[in-house]
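Participant: A predicted structure for the sequence below; I have some questions about it.
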Amino acid sequence: MADGSDNDSFESRVGSALDKIGEAFEGVAIDPSDEQKSIGASDKTWVSWLIIITFLVIWMIASNVVIIALFFALGFADISFGLAFSIALLLMELILIPLVLLYIHVDGSLSRTKEMFHFGSKKRVAILIIAIPVVVTIIDWILVIIYGVIFLGLFGEPSVYTDLGTTWESGWIDVALLMIAVAIVTPIAEELMFRGYILDSIRRIHGDWPAIIGSAILFGLVHINPFLVGQAFIGGVIYGWIRIRTGSLLPSIACHMMWNIMALSVTYL
């Protein structure tokens, strides 16, 4: 039976670990200042929501129009389906990133966004892009498995389109481009949009948890497929909470990258 000294020792070790993590974030502003919180195109709640939804709709239309146009253009150039999809997706996301930065410029703070990409000490970087993402991805995976079991019991086998035109048997260029597009550039673009612009815009109006839940709902809805909507919502809640707790976009981007790499490796390739 463990005695009190064992408990004290365990608590001291946990406390020491937490202190070390805290040291890694010294000098890093987790919460935006009052001035940054007030930055927005409008002080009226309904106008702010109108701007958020309008920008999201424009983002969705632009993404679909651009990827479809590029996909067909590349198809006419006699490029294979898989390679055409990867190139179109990559170019689309590279176009969307400046669009989101424009949104933030109009209805947010570019300086605040720049702070959320601050790396800091090596210890902080290790925590942000390795330690936190590994733990979060494991938790996310467990929750998604539970969600999948519930979904299966309620609605039956989910229908998810998995043919991206590229498999492990495709050329290394095809696989590399798909990985870059889906596992690197897409997480950056989507996290900048949903945990960067949208989360902060809702947070300015309603506070932390409404921002986490609201941005996660919108993130889920843009995935359209009923099964993926719920899956993305779960990830969105976790990523949003991590974003607010750390004051950084780096861990949510790293988490998103890890998830997409797993999804590509297990489901799509």
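Facilitator: Ah, there it is.

Participant: Leaving out the residues flanking it, which one is nearest to residue 88?
Facilitator: Among residues not flanking residue 88 along the chain, residue 70 sits closest, at 3.8 Å (Cβ to Cβ, 6 or more residues apart in numbering). Any C-beta I mention is one placed from the backbone N, CA and C, and that applies to glycine too.

Participant: Now that neighbour: which helix or strand?
Facilitator: Under the criterion of DSSP states H and E, residue 70 resides in helix 45-76.

Participant: quick one: buried residues of that helix?
Facilitator: Of all the residues in helix 45-76, those buried under the rule 16 or more other Cβ atoms under 10 Å are 48-49, 51-52, 55-56, 59, 63, 66-67, 70-71, 74.

Participant: Equivalent analysis for stretch 131-141, please.
Facilitator: Quick answer for stretch 131-141 (16+ other Cβ under 10 Å): 132, 133, 136, 137, 140.

Participant: Alpha carbons of it, as CSV, please.
Facilitator: Taking Å, rounded to 0.1, in the frame of the first residue of the first chain, the C-alpha atoms of stretch 131-141 are listed here in CSV:
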residue,chain,number,x,y,z
ALA,A,131,4.4,16.7,-27.4
ILE,A,132,0.9,18.4,-27.5
PRO,A,133,0.1,17.1,-31.0
VAL,A,134,1.0,13.5,-30.1
VAL,A,135,-1.2,13.5,-27.0
VAL,A,136,-4.0,15.3,-28.8
THR,A,137,-4.0,13.0,-31.8
ILE,A,138,-4.2,9.9,-29.5
ILE,A,139,-7.2,11.5,-27.7
ASP,A,140,-8.8,12.5,-31.0
TRP,A,141,-8.3,9.0,-32.4
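
Participant: State the distance from residue 92 to residue 248.
Facilitator: 26 Å (Cβ to Cβ, to the nearest Å).

Participant: Can you name the helix or strand that residue 187 falls in?
Facilitator: With DSSP H and E as criterion, residue 187 is part of helix 186-191.

Participant: what's the answer for residue 260, then?
Facilitator: helix 250-263.

Participant: quick one: least confident helix or strand in this structure?
Facilitator: In the chain, the helix or strand scored least confidently by mean pLDDT, DSSP states H and E is helix 34-37, which has a mean of 54.

Participant: From residue 213, how far out is the closest residue to residue 168 other than its chain neighbours?
Facilitator: Spatial nearest neighbour of residue 168, chain neighbours left out: residue 269 (5.2 Å); criterion: Cβ to Cβ, 6+ apart. The spacing between residue 269 and residue 213, counted by Cβ to Cβ, is 33 Å.

Participant: likewise residue 148?
Facilitator: As judged by Cβ to Cβ, residue 148 and residue 213 stand 21 Å apart.

Participant: for residue 85, same thing?
Facilitator: Per Cβ to Cβ, residue 85 is found 32 Å from residue 213.

Participant: Please identify which of these two sits among more neighbours.
Facilitator: residue 85 (25 against 17; other Cβ atoms under 10 Å).

Participant: Quick one: residues contacting that one.
Facilitator: Contact analysis of residue 85 by Cβ atoms under 8 Å, 6 or more residues apart in numbering lists 71, 164, 165, 166, 178.

Participant: just checking, next helix/strand downstream of the helix holding residue 187?
Facilitator: helix 199-206.

Participant: Per-residue pLDDT of residue 77, please?
Facilitator: On pLDDT, residue 77 comes in at 86.

Participant: so where's the stretch 1-150 of the chain shaky on pLDDT?
Facilitator: By pLDDT under 70, the low-scoring segments of the stretch 1-150 of the chain are 1-38.

Participant: dump the residue contacts of residue 221.
Facilitator: By Cβ under 8 Å, 6+ apart, the contact list for residue 221 reads residue 229.

Participant: Any chance of a markdown table for the buried residues of helix 45-76, columns distance to residue 98?
Facilitator: Shown next, in a markdown table, are the buried residues of helix 45-76 (distance: Cβ to Cβ, whole Å):
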| residue | distance to residue 98 |
| --- | --- |
| 48 | 22 |
| 49 | 24 |
| 51 | 18 |
| 52 | 19 |
| 55 | 13 |
| 56 | 16 |
| 59 | 12 |
| 63 | 13 |
| 66 | 12 |
| 67 | 16 |
| 70 | 16 |
| 71 | 21 |
| 74 | 21 |
